[in-house]
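Participant: Below is the sequence, then the predicted model.
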Amino acid sequence: MNDSTITLPWLVVRQDDNGNRYRVGRYATRAEAQKIADSLDGRGHKQLYWVERIAQNGDGADS
């Protein structure tokens with residue numbers, strides 16, 4: 001485990017219309033991550049955005 005996993009446990013993930021997934025950013029709080037996801041989602045593109053919490057082992061876990 002590294003310091004960024006502890007202090008920035010929330011990911012914003014984007015999935016494009018081809019099913020490819022990308023990490024958009026990491027955030028300290030779920031509220032901060034959700035605000036970014038909502039802002040990006042509101043732009044009207046075909047991509048999907050959502051929030052995931054990074055598990056202690058570094059993998060994405062809960063959304």
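Facilitator: Perfect, I can see it now.
Participant: quick one: least confident helix or strand in this structure?
Facilitator: Ranked by mean pLDDT, DSSP states H and E, the weakest helix or strand in the chain is helix 3-7, scoring a mean of 57.
Participant: Run through the neighbouring helices and strands of the helix or strand following that one.
Facilitator: Sequence order places strand 10-15 as the next helix or strand after helix 3-7, per DSSP states H and E. Contacts defined by 3 or more C-beta pairs under 8 Å, 6 or more residues apart in numbering; DSSP states H and E place strand 10-15 against strand 21-27, helix 30-41, strand 48-53. Just so you know, the C-beta spots here come from the backbone N, C-alpha and C atoms, and that holds for glycine as well.
Participant: Residue 32 - how many residues pack around it?
Facilitator: Residue 32 has 16 neighbouring residues, counting by other C-beta atoms under 10 Å.
Participant: That one and residue 12, how far apart?
Facilitator: 9 Å (C-beta to C-beta, to the nearest Å).
Participant: out of the helices and strands packed on strand 10-15, nearest to residue 7?
Facilitator: strand 21-27 (9.0 Å; C-beta to C-beta).
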